[in-house]
Structure formats: structure tokens, C-alpha cells
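Peer 1: no sequence on this one, just coordinates:
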């Protein structure tokens, strides 16, 4: 058992999902304080879990893997779907019908459809985003660059709206609120 990186209550309010460094996802029964199931599928530390809909969770790991799970399934070793490429950062679109993801090359893609398997490239930032994020409404993406700069992108217009110059020769991580 490794350290716990993230927790999320499922909509039934009776189940708590935890993800940890031991590459597992545990679904806990709140009343008994025991795990209902342990899900296996990641090959690195699992860092994030988000409840989706009534019975799905999405998890992401250190290796960039993004997995979608049926939280009611009995099968402990099978994710419903896998985004087929590593991602650095992801968020739901404003309508929650798609996943926005940034990969290591700075490409922002919208994954939609059944189990998020349809990919549409939104834009390419053109730099290696060492730290990246999306605004809460999914309209803006930001990326810190390896030379210490920051780029802010409007996803609808596919235009960079602001660039902050590097003040140091160090990588930058960013967050939007």
C-alpha cells in the first residue's frame, strides 16, 4: 500500500474512491470503512480521480495514462476505456461531454463520444508544456514552458491570447482560477 494521492466521493455518497502510489484505485464503503473493490490497470503512481456521471470514475497516473472505469463493475482488472496516448493534464469540457487533454508535445485534444474515444486536435501550443492546466469552464488553456515562460490560449479561437516572458531559465508550472 502506498500513499494516497487523491480522494473523491461518488454521487451515491456511500462510496469514496482513493488513488495511490501502489498503482491502485480503491472504492470504499463509507458505512463499513472497508474497500468494496480494488481496481488495477495503471502502471505507475495514480495521482488523480474524478467522479463522472452516476457510476463512472476517471483516473490519471504519473505515466500519463488516463483510464475511465465503471465504478459498479465487478471486474477489478479492466478499465472501460483508455485514452490511447499519455497526457500531462486533463479536464472536462464545460458541457462535461468531452475530456480536454494536453500531451507532452503541447497538443491540446478534445476526446469525446462513447467512452471518450473520438479525438479532435484543438490546437498545438508549439512548446513543451512542463506545467499546464485548463480554466474551470474549459475555455482557456495555459502552459508553462521549459524556458520559464507562460502561454495562455483561447481554445475556441485557437489563438494565444497572452505570453509572459521568461524571467529565469527555469521551468514554470501554472494554475488557473
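Peer 2: Perfect, I can see it now. All values reported here derive from a predicted model rather than from experimental measurement.
Peer 1: Going by C-alpha atoms from here, please, whenever you check contacts or count neighbours.
Peer 2: OK.
Peer 1: Quick check, central residue of this protein?
Peer 2: The residue lying closest to the centre of the chain (C-alpha atoms, centre = their mean) is residue 90, at 3.7 Å.
Peer 1: Would you mind measuring from the nearest residue to that residue once chain neighbours are set aside to residue 132?
Peer 2: Using C-alpha to C-alpha, 6 or more residues apart in numbering and skipping the chain neighbours, the partner closest in space to residue 90 is residue 101 (4.3 Å). Look at residue 101 and residue 132: by C-alpha to C-alpha, to the nearest Å, they are 10 Å apart.
Peer 1: How about the contacts made by residue 109?
Peer 2: Contacts of residue 109 were listed using C-alpha atoms under 8 Å, 6 or more residues apart in numbering, and they are 100, 101, 102, 119, 120, 121, 122, 123.
Peer 1: which sections of the protein are below the confidence cut-off?
Peer 2: 1, 74-78, 126-131, 146, 166-177 (pLDDT under 70).
Peer 1: hmm, try it at 90
Peer 2: 1-2, 11-12, 41, 50-57, 63-65, 68-110, 113-117, 122-156, 158-160, 162-177 (pLDDT under 90).
Peer 1: and for residue 101 and residue 132, which residues touch both?
Peer 2: Shared contacts of residue 101 and residue 132, counting by C-alpha under 8 Å, 6+ apart, come down to 88, 89.
Peer 1: could you show me where the helices are in this protein, in order?
Peer 2: Shown for the chain, no helices are assigned by DSSP state H.
Peer 1: quick revisit: could you check how far the residue nearest to residue 90 is from residue 83?
Peer 2: Distance from residue 101 to residue 83, counting by C-alpha to C-alpha: 10 Å.
Peer 1: Between the two, which has more neighbouring residues?
Peer 2: Using other C-alpha atoms under 10 Å, the more surrounded residue of residue 101 and residue 83 is residue 101, with 28 against 19.
Peer 1: I'd guessed that one sits against residue 86; true?
Peer 2: No - Residue 101 is beyond contact range of residue 86, at 9.2 Å (criterion: C-alpha atoms under 8 Å).
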